[in-house]
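[1] Turn this into a model:
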Amino acid sequence: MSDQYLEPYEEIDKDSREYMRAIKTLMEELEATMFYQQRIAASEDDALKAIMEHNRDEEIEHCAMTIEWLRRKMPAWDNELRTYLFKEAPITELEDGEEESEEDSSDSLGIGDLK
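    Modelled structure (predicted):
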């Protein structure tokens, strides 16, 4: 069917094919942002740079939309994005912090402080 499938197409369920479409789309959008960024860096024309910056940012929007679709469809995406995004701590320490907070909450019923 396609060279993007490692397993026989007929053996891949519909949800997995949709997931693969999303990943391929995300890869293409990320590649487009890279191309625009390189062109922006090399361009000497301010008006052209502004256009390409706009176009790059549109591609970033498409990336965000696709990531959100993945988050909604796959619990692992949701878990990892909640662990790492919009945090102030050093990125490499977030996983350790997540594990510590899970250990801290393992003794409770998960209902929070009742004070």
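[2] list the contacts for the residue nearest the centre of the chain?
    Relative to the mean C-alpha position of the chain, the nearest C-alpha, by Cα atoms, centre = their mean, is the one of residue 67, at 4.2 Å. Contact partners of residue 67, counting by Cβ atoms under 8 Å, 6 or more residues apart in numbering, are 26, 77, 81. Where you see a C-beta, it was placed from the backbone N, CA and C, and this is true even at glycine.
[3] Can you add neighbour count and secondary structure and give those residues back as CSV?
    What follows is the contacts of residue 67, written out as CSV (neighbours: other Cβ atoms under 10 Å; DSSP: H, G, I helix; E, B strand; the rest coil):
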residue, neighbour count, secondary structure
26, 18, helix
77, 17, helix
81, 14, helix
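[4] Return the member of those nearest to residue 13.
    residue 77 (17.7 Å; Cβ to Cβ).
[5] Dump stretch 85-93 to CSV, keeping only the CA atoms.
    What follows is stretch 85-93 as a C-alpha-only set of coordinates in CSV (Å, rounded to 0.1, in the frame of the first residue of the first chain):
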residue,chain,number,x,y,z
LEU,A,85,4.2,21.7,29.0
PHE,A,86,3.8,25.1,30.6
LYS,A,87,6.1,24.4,33.6
GLU,A,88,8.9,26.6,34.9
ALA,A,89,11.1,24.0,36.4
PRO,A,90,14.1,22.7,34.3
ILE,A,91,12.6,20.3,31.7
THR,A,92,14.9,17.4,32.7
GLU,A,93,13.7,17.6,36.3
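[6] Go through that stretch and flag the buried ones.
    Of all the residues in stretch 85-93, not one is buried under the rule 16 or more other Cβ atoms under 10 Å.
[7] now swap in stretch 50-60 and tell me
    Of the residues in stretch 50-60, those buried under the neighbour-count criterion (16+ other Cβ under 10 Å) are 52, 55, 56, 59.
[8] tell me the pLDDT at the second one?
    With respect to pLDDT, residue 55 scores 98.
[9] Over to the last one?
    Predicted confidence (pLDDT) at residue 59: the value is 98.
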